[in-house]
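S.K.: Need coordinates for the following:
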Amino acid sequence: MPGEWPCDGAHARRRRRTSGCSRRGCCSGCRPSCSHGPRRSGSTTSGRGTGRVLAYLDEEGIRLADLARLAGRNKQTIAAILDELEQLGYVHRTADPADRRAKLIRPTDRGRAIMRISDEIVADIEARHARRLGAGAYVAFVTALDMVSGGGSDRHAEHV
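M.R.: Okay, here's the model as predicted:
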């Protein structure tokens, strides 16, 4: 829909003038997963790994080192993403009661709202794939995907 994309094509025009655009895939049919896709609930993150971080947040809080391990990124990268998310009001850092030297990263109300929206989107995508493939084929697909990715979770079984 025209005008729905927050970038409105400005960086695509810059791409024609310069050697490239840092926003891969935008304006030449922005993909829905792109941070510059349709605006949802006031999300203003740059999208550079923020989804990967938000996916592993826990209501009770998580340490930076654990978050980096789960997200498959180094601590410096995760710390930079957390700085951005904290500035935008999605997370806050608090002292870990188990270890005063450590900080726990917790989602704010705004962060929890984005996490709920993300969960709904993922659940919708999984349900569509399950309907398209059929229950047995979808479970086999998820099992194979978990095996090759080292996941081993059975979280997708609930969508069949």
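
S.K.: Burial check on the residue nearest to L54 when sequence neighbours are not counted, number of neighbours?
M.R.: Leaving aside its chain neighbours, L54 sits nearest to M115 (5.9 Å; criterion: Cβ to Cβ, 6 or more residues apart in numbering). Backbone N, C-alpha and C define where each C-beta goes, glycine included. Using other Cβ atoms under 10 Å, M115 has 16 neighbouring residues.

S.K.: list the helices and strands the helix or strand containing M115 packs on?
M.R.: Element membership for M115, per DSSP states H and E: helix 109-133. Packing contacts for helix 109-133, counted by 3 or more Cβ pairs under 8 Å, 6 or more residues apart in numbering; DSSP states H and E, involve helix 50-55, helix 135-149.

S.K.: helices or strands up against the last one?
M.R.: If contacts are counted by 3+ Cβ pairs under 8 Å, 6+ apart, helix 135-149 sits against helix 109-133.

S.K.: quick one: the helix it packs on to helix 135-149, angle?
M.R.: For helix 109-133 against helix 135-149, the angle by axes from the mean of the first three to the mean of the last three Cα atoms, to 10 degrees is 120 degrees.

S.K.: Okay, buried residues for helix 109-133 please.
M.R.: Neighbour counts using 16 or more other Cβ atoms under 10 Å place 110-111, 114-115, 126, 129-130 of helix 109-133 among the buried residues.

S.K.: now stretch 88-95
M.R.: For stretch 88-95, by 16+ other Cβ under 10 Å, it's 88, 90-92.

S.K.: same deal with stretch 51-71?
M.R.: Here stretch 51-71 shows 51-54, 56-57, 61-64, 66-68, 70-71 as buried, counting by 16+ other Cβ under 10 Å.

S.K.: what about it, average pLDDT?
M.R.: Mean pLDDT, computed over stretch 51-71, is 90.
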